[in-house]
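Peer 1: Here is my input, please return the structure:
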Amino acid sequence: MTRLSVNINKIATLRNARGGNNPDVIKTAVDCENFGAQGITVHPRPDERHIRYEDVYQLKKVVTTEFNIEGYPNKRFLNLVKEIKPAQVTLVPDSPDVLTSNAGWDTIKNKNFLKEIIKEFKNEGIRTSIFIETDAKLIENAKVCGTDRVELYTEPYATNFHKNREKAIAPFIKASEIALKNELQINAGHDLDLYNLKYFNEKIKGLSEVSIGHALICDAVYFGLHNTIQMYLKQLK
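Peer 2: This is a model prediction of the structure:
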């Protein structure tokens with residue numbers, strides 16, 4: 001079964017809108033695990049507009065499933081991950097002002113940079129994943145960079161799913177085949193939801209993990225967090 005990692009950034013966004021500690025990000029992470037989530041994902045950004053760096057330190061104390069920290073590997077992020085030592089770090093090529101992740105790494109242009117960063121993380125025993133698009137050469141070069149996994153950037157799939165799901169999934173099937181051929185494990189994330197997740201999971205062989213935040217938290221407003229996590233897990237069976 002593909003593992004579900006819940007991205008709790010949006011919980012932090014809601015908390016930060018009013019100050020204080022409501023909703024409680026740390027309690028939400030624990031609840032997600034108790035409700036069946038097999039991992040917790042956070043993406044601290046330089047301006048700390050949702051997840052704060054202090055949240056990450058507090059989460060380290062309570063997360064008992066897989067802790068995945070996403071972000072652009074600047075010096076502050078690098079130090080944070082090396083101190084926390086999560087199960088997985090996902091490298092994302094975000095510029096500081098970007099609203100949400102909207103592109104994968106160019107693993108050819110950034111090969112030397114990524115190789116150096118990944119080596120540092122792997123020396124700490126941290127599994128690495130690179131956020132990437134479906135271009136075959138970029139995936140092949142992800143292997144050259146030394147990463148353990150690639151996370152397929154699924155926004156193009158989600159955008160085109162309702163127009164033509166066979167066409168939407170096709171490049172991701174090819175990308176997953178290339179990843180597996182290069183002995184890379186596969187994660188996926190961005191705009192996956194209750195409507196498009198099941199089909200994606202059925203078609204992508206070797207899918208290890210999906211990271212879902214925005215859609216899941218939005219669904220939880222209507223269905224409740226417990227029910228929503230169960231609904232997402234059902235799509236992954």
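
Peer 1: And the helices in this protein?
Peer 2: 9-18, 25-34, 53-62, 75-84, 111-123, 136-145, 155-160, 165-181, 197-203, 214-223, 225-235 (DSSP state H).

Peer 1: got CSV for those, with mean pLDDT and mean neighbour count too?
Peer 2: C-betas here are computed from N, CA, C, even on glycine. As requested, those are arranged in CSV below (pLDDT from 0 to 100; neighbours: other CB atoms under 10 Å):
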stretch, mean pLDDT, mean neighbour count
helix 9-18, 96, 17
helix 25-34, 98, 19
helix 53-62, 98, 15
helix 75-84, 97, 16
helix 111-123, 97, 16
helix 136-145, 97, 19
helix 155-160, 98, 17
helix 165-181, 98, 17
helix 197-203, 98, 18
helix 214-223, 98, 17
helix 225-235, 98, 18
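
Peer 1: Nearest approach to T41 belongs to which of the ones you listed?
Peer 2: helix 9-18 (8.0 Å; CB to CB).

Peer 1: by contact count, what packs against the closest one?
Peer 2: In terms of contacts (3 or more CB pairs under 8 Å, 6 or more residues apart in numbering; DSSP states H and E), helix 9-18 is packed against helix 25-34, helix 214-223.

Peer 1: quick one on the thing from earlier: nearest to I40, out of the helices of the chain?
Peer 2: Each of the helices of the chain has some distance to I40 by CB to CB; the shortest is helix 25-34, at 4.9 Å.

Peer 1: could I get the helices of the chain as a markdown table with distance to T41?
Peer 2: Listed next are those as a markdown table, based on distance: least, CB to CB, whole Å:
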| stretch | distance to T41 |
| --- | --- |
| helix 9-18 | 8 |
| helix 25-34 | 10 |
| helix 53-62 | 10 |
| helix 75-84 | 13 |
| helix 111-123 | 16 |
| helix 136-145 | 19 |
| helix 155-160 | 16 |
| helix 165-181 | 20 |
| helix 197-203 | 15 |
| helix 214-223 | 11 |
| helix 225-235 | 13 |
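
Peer 1: ok, how many other residues are close to I40?
Peer 2: Neighbourhood size, I40 [other CB atoms under 10 Å]: 26.

Peer 1: Quickly list what it is bridged to.
Peer 2: V6, F67 (DSSP bridges).

Peer 1: Report whether the expected contact of it with D31 is present.
Peer 2: No: with contacts counted by CB atoms under 8 Å, I40 stays clear of D31, the gap being 10.5 Å.

Peer 1: Go ahead and flag the most central residue of this structure.
Peer 2: Closest to where the C-alpha atoms of the chain average out (CA atoms, centre = their mean) is S211, at 4.2 Å.

Peer 1: which residues sit in contact with that one?
Peer 2: S5, V6, N7, G39, T41, N68, E70, T90, E151, N187, A188, G189 (CB atoms under 8 Å, 6 or more residues apart in numbering).

Peer 1: For I186, see how far away the residue lying closest to K10 once chain neighbours are set aside is.
Peer 2: Spatially, and ignoring its direct neighbours in sequence, K10 is nearest to I217 (4.1 Å; CB to CB, 6 or more residues apart in numbering). Remark: distance between I217 and I186 (CB to CB, to the nearest Å) = 24 Å.
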